[in-house]
Structure formats: structure tokens, C-alpha cells
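Chemist: Sequence first, then the predicted structure:
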Amino acid sequence: MARSGMAEDGIAVDATKTVDFTIVVWPTRLPTHLGQLADLDAGTVSVDLIGQGQFTIRFAESATATGSAWDAPKDVFECVTLDNVNYDDFVTGYTQILFTAKDDKLTCTETIKLVKSENAADAGTEVEFTIKVDKKVCEIVVCPTGEVQDAYMCGCMEEPASQGVLMDFDTATSRTARFVNPGDFVTMRENSLTTEGRTYNYEQKAVADVTLNCVKEISRTDTGYWRQVIYEGVTENCIDTISRTNLVSSVAEELEFRVYPQEDPLILGTYFDMDYNPNREISVASEGYFTIRVNEGATANGYAWDTPTEDTLAALECVDVQDSNYGDYKTGYIQYVFKAKNVDAYCVDTFEVTRSSAWTPCEDCASVDTITISVSTVVAADPTSTSTSIINDDDSAEVVAAKENCLADD
């Protein structure tokens with residue numbers, strides 16, 4: 001468009017000036033996009049993708065009075081491929097840039113910089129845009145015998161072997177490895193949270209972040225569909241724990257390893273085994289010692305009896321507790337050593353013991369039992385000599401009476 005020159009009074013006097021006008025006609029249709037939409041004008045600054053998935057970056061010309069508020073990205077991309085810089089073919093109104101996620105890595109994360117255009121109030125400002133890509137789920141493959149599918153790379157791999165006792169967390173309710181001796185192996189296995197694999201309920205700490213004294217980690221493998229760690233017992237009479245966090249609920253749980261003592265436990269005086277002595281009566285001379293033992297191996301889940309309370313033991317009148325952990329056992333056994341008082345008359349104590357939560361109830365099994373301790377007036381010639389109770393569960397009433405008289409006369 002041409003115009004005449006102007007005099008001081010504003011009247012054109014020549015045709016030497018030219019002015020160009022740009023007329024922009026915006027589209028009336030709404031833009032379409034492929035995959036996830038990252039609308040920069042709406043504040044979207046990240047996308048999470050699955051391998052081979054697509055996403056579209058969009059920004060509008062109407063964002064400011066003078067045009068788009070963003071410059072097109074200029075990065076070289078690691079996790080995605082740039083497919084189209086003008087998806088949906090807009091001449092005006094919108095800029096849409098189409099990307100496809102690569103699928104050559106298990107996970108890929110990158111951050112690109114987007115720059116505000118000269119039209120924006122904060123022109124030149126850099127904004128970080130994060131792209132995260134997880135590898136696409138594998139198609140199911142039928143592997144040869146002895147192999148399983150690798151959910152990470154999708155091919156077949158040699159099936160990881162377990163060693164020793166296999167604790168499969170899919171079926172095992174306990175997270176405690178018992179009955180472990182030095183040189184024994186335990187394999188702890190857990191399955192993926194999803195049928196697609198690669199996602200687990202719990203974190204798995206790095207080897208360097210776990211301190212173990214009783215067991216050592218031999219190997220760890222992960223097929224994506226399940227993972228397992230093999231441990232070997234190394235130190236007897238020892239307890240290790242590994243605390244880990246549930247990635248779904250943030251609740252913590254502990255894996256426990258209990259390595260058993262290797263030598264026969266010490267006993268002092270008369271020996272009474274809560275799990276194997278059928279008779280519940282203990283007879284001892286004045287000033288004599290006796291040992292009551294509870295065995296961790298009595299059930300698959302540990303001790304079959306709860307330990308008596310301090311109040312229960314303090315109420316005994318004929319005997320005194322000398323040691324509540326004779327032998328200093330951390331695993332395997334709980335042993336109480338008692339010493340009979342020097343009594344002037346035949347003395348009897350009784351106390352109740354209760355089955356633990358590890359015990360499986362049965363029809364003819366009592367959940368509470370009573371222990372009877374009989375102390376004679378005769379002073380023990382050798383208070384610490386080792387012996388077992390002479391009274392048996394199948395003794396007749398006459399035989400029991402005779403044996404008790406015998407003990408009283410010693």
C-alpha cells in the first residue's frame with residue numbers, strides 16, 4: 001500500500017512512503033494431537049511415556065498480544081525421536097510438535113530446555129521439560145525348558161536356581177528365615193506386583209546399603225517377573241534384620257535371619273524341657289539347681305510357649321530365678337535356671353505357661369499348661385549335678401507317689 005508524502009498540516013503531498021500490513025486469519029477448528037498432550041501455555045512441563053508411545057507439545061499464537069510465548073525446542077533428544085515440527089499442519093494459531101518415545105532402554109529420563117519467546121513478558125526465560133520413558137511391556141514368549149522370559153529385554157534367560165530353603169513371598173506368610181546354620185542357604189523370592197513384570201511391592205536396597213553379620217548375600221537375580229536373593233549363614237547364635245519399605249503403601253517390613261547355635265546348650269542341675277518332657281512336674285532337693293528349656297525349633301514359626309512374666313516368676317515361693325537366659329542364646333533356645341530354697345518342709349510351687357502365637361492349635365492340645373515344682377527338705381549333695389526328672393507322663397499314680405517319696409527321702 002502506497003501513500004503520498006505529508007505536509008506539516010498532515011496532507012499527503014507525494015507517493016514515496018510504503019507500509020506492509022499482515023493479516024492473520026486463525027483456524028476455526030480445534031487442533032488434534034497424538035499421544036499425550038503437553039500444553040506449554042497450560043503449564044505442562046513433563047511427560048511419562050511407555051516405549052514407542054507418542055506425545056505432542058503444543059503452544060498457541062494467542063498466548064500473547066503479539067504471538068506465541070515459546071520458541072520451538074532446539075535440543076538433540078536422547079529418549080525420544082522428533083517426528084513432526086508442525087503436526088496437524090497449522091499455518092496460524094498453533095504450533096504442535098510430535099515426538100515418539102524410543103524403546104531401546106529399560107528406563108530413560110532426560111530434561112530439555114524450552115525458552116520463552118520475545119513475545120513473552122519474561123522473554124528468554126528457560127524452563128526445564130522432563131521426559132521419562134519406560135520400556136514397553138514384553139509380548140509373552142514361550143521359553144525352552146530351563147529358561148524363563150526376561151521382562152526387561154523380552155527374550156529368554158536361564159532360569160535362576162534357588163539354594164537351600166526357598167521362601168516364596170507369594171505363599172510364605174513369615175518373613176523370618178529360621179533353622180539356618182552356618183553353611184546353610186536361604187533363597188528369598190518375590191513376584192512382580194503386575195503381570196507385566198518389572199514392578200515390585202518393596203524396594204531392594206543395594207548390597208552396599210545392607211549391613212549383615214550373621215548371613216552374607218551370595219547372589220541376586222531378577223527376571224522382571226520375579227526376583228530373588230540367596231543368603232548363606234555364616235555366624236552361629238546370631239540375628240540379622242533387613243528393613244525395607246513398601247513402594248505402594250510406604251509401610252516398612254523386616255526380613256529376619258536367625259542362625260542357630262551349633263553346640264549342645266549348657267544345662268545346670270536337673271534338666272526339664274518344656275517341649276519334650278511329657279510330665280509337667282519337676283522335683284528337686286533343697287538348694288538344688290534346675291534348668292527349664294524352650295526350643296525355637298518346636299514349631300515352624302518359632303517357640304511354642306510364651307515366656308512367663310516377671311510377676312509370675314516373682315510369685316514363686318520355693319525357688320528363685322538365677323538366670324533368665326542361661327547360655328546367652330539369641331536364637332535356638334530360651335533357658336531359665338532356678339535354684340531351690342533351703343526349705344524346712346516339703347514345698348510346692350505352680351505356675352501357668354501359655355502357648356505362643358506360633359503354636360498351631362489342635363483338638364487335644366491345651367493352650368495353657370501348669371508346671372509344678374516340688375522341693376524336698378533334703379539338701380542337695382551336689383546342687384549343680386545334671387539329671388532329668390524321674391517322673392514320666394505314663395507313670396501310674398502309685399508309681400508317681402513312690403518316686404515322690406523316694407525324692408523326699410534323698
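Modeler: That came through fine.
Chemist: Just the helices from the stretch 251-400 of the chain, written as ranges.
Modeler: 310-314, 397-409 (DSSP state H, counting those that start in this stretch).
Chemist: least reliable of those going by mean pLDDT?
Modeler: Confidence, taken as mean pLDDT, is least for helix 397-409 of the helices of the stretch 251-400 of the chain (a mean of 58).
Chemist: burial count for the closest residue to residue 379 other than its chain neighbours?
Modeler: Excluding the flanking residues, the one nearest residue 379 by Cβ to Cβ, 6 or more residues apart in numbering is residue 286, at 4.6 Å. For the C-beta atoms, the positions are set from N, CA and C on the backbone; glycine is no exception. By other Cβ atoms under 10 Å, 19 other residues sit near residue 286.
Chemist: can you check residue 234 too?
Modeler: Counted with other Cβ under 10 Å, residues neighbouring residue 234 total 17.
Chemist: Report the contact partners of it.
Modeler: 182, 214-216, 259 (Cβ atoms under 8 Å, 6 or more residues apart in numbering).
Chemist: Repeat the analysis, applying 6 Å as the threshold.
Modeler: 182, 216 (Cβ atoms under 6 Å, 6 or more residues apart in numbering).
Chemist: Next one: it from residue 240, what distance?
Modeler: 10 Å (Cβ to Cβ, to the nearest Å).
Chemist: same check, this time on residue 121
Modeler: Distance, residue 121 to residue 240, by Cβ to Cβ: 60 Å.
Chemist: swap in residue 100?
Modeler: Distance from residue 100 to residue 240, counting by Cβ to Cβ: 48 Å.
Chemist: quick revisit: just want to know which of residue 121 and residue 240 has more residues nearby.
Modeler: The neighbour comparison of residue 121 against residue 240 (other Cβ under 10 Å) goes to residue 240, with 22 against 8.
Chemist: Surely the more buried one is in contact with residue 257?
Modeler: Yes. At 4.3 Å, residue 240 and residue 257 qualify as touching, with contact defined as Cβ atoms under 6 Å.
Chemist: shared neighbours, those two?
Modeler: Shared contacts of residue 240 and residue 257, counting by Cβ under 6 Å, 6+ apart, come down to 214-215.
Chemist: residues making contact with stretch 370-382?
Modeler: So stretch 370-382 is contacted by 280-288, 318-319, 340, 343, 347-352, 407-408, 410 (Cβ under 6 Å, 6+ apart).
Chemist: avg pLDDT for it?
Modeler: 94.
Chemist: Give me the buried stretch members for it, please.
Modeler: Across stretch 370-382, burial judged by 16 or more other Cβ atoms under 10 Å covers 371, 373-376, 380.
Chemist: TSV for the residues you listed, including distance to residue 325?
Modeler: Below are those laid out as TSV (distance: Cβ to Cβ, whole Å):
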residue	distance to residue 325
371	18
373	19
374	25
375	23
376	28
380	23
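Chemist: Widest-spaced pair of these?
Modeler: 371 and 380 (19.8 Å; Cβ to Cβ).
Chemist: Just the pLDDT at the nearest residue to residue 151 once chain neighbours are set aside, thanks.
Modeler: The shortest distance from residue 151 to any residue other than its chain neighbours is 2.4 Å, reached at residue 224 (Cβ to Cβ, 6+ apart). Note on residue 224: pLDDT of 94.
Chemist: Residue 16 now?
Modeler: Residue 16 carries a pLDDT value of 62.
Chemist: Residue 208 belongs to a helix?
Modeler: Yes. Counting by DSSP: H, G, I helix; E, B strand; the rest coil, residue 208 is found in a helix.
Chemist: Start from the N-terminal end of the stretch 101-250 of the chain and give the strands.
Modeler: For the stretch 101-250 of the chain, applying DSSP state E, counting those that start in this stretch gives strands covering 107-115, 126-134, 147-149, 156-158, 165-168, 176-180, 185-191, 215-222, 226-233, 238-245.
Chemist: My error: substitute the stretch 301-410 of the chain in the last question.
Modeler: 319-323, 333-340, 347-354, 368-379, 387-388.
Chemist: Which among those is found nearest to residue 208?
Modeler: strand 333-340 (34.3 Å).
Chemist: got the buried residues for that closest one?
Modeler: Buried residues in strand 333-340, counted by 16+ other Cβ under 10 Å: 333-340.
Chemist: same check, this time on stretch 288-303
Modeler: So for stretch 288-303, counting by 16+ other Cβ under 10 Å, buried means 288-296, 298-299, 301-303.
Chemist: ditto for stretch 142-160
Modeler: Result for stretch 142-160 [16+ other Cβ under 10 Å]: buried residues 148-152, 154, 156-157, 160.
Chemist: ok, now stretch 99-110?
Modeler: Buried residues in stretch 99-110 (16+ other Cβ under 10 Å): 99-103, 108.
Chemist: which residues touch residue 58?
Modeler: 39, 96.
Chemist: To clarify, my last question referred to residue 61.
Modeler: 67-68, 93.
Chemist: Quick check: the two most widely separated of the buried residues of stretch 288-303?
Modeler: So, the buried residues of stretch 288-303 by Cβ to Cβ: farthest apart are 288 and 301, at 34.6 Å.
Chemist: on that earlier part again, out of the strands of the stretch 301-410 of the chain, flag the one nearest residue 187.
Modeler: strand 333-340 (26.1 Å).
Chemist: and the closest one, what does it pack onto?
Modeler: In terms of contacts (3 or more Cβ pairs under 6 Å, 6 or more residues apart in numbering; DSSP states H and E), strand 333-340 is packed against strand 289-295, strand 319-323.
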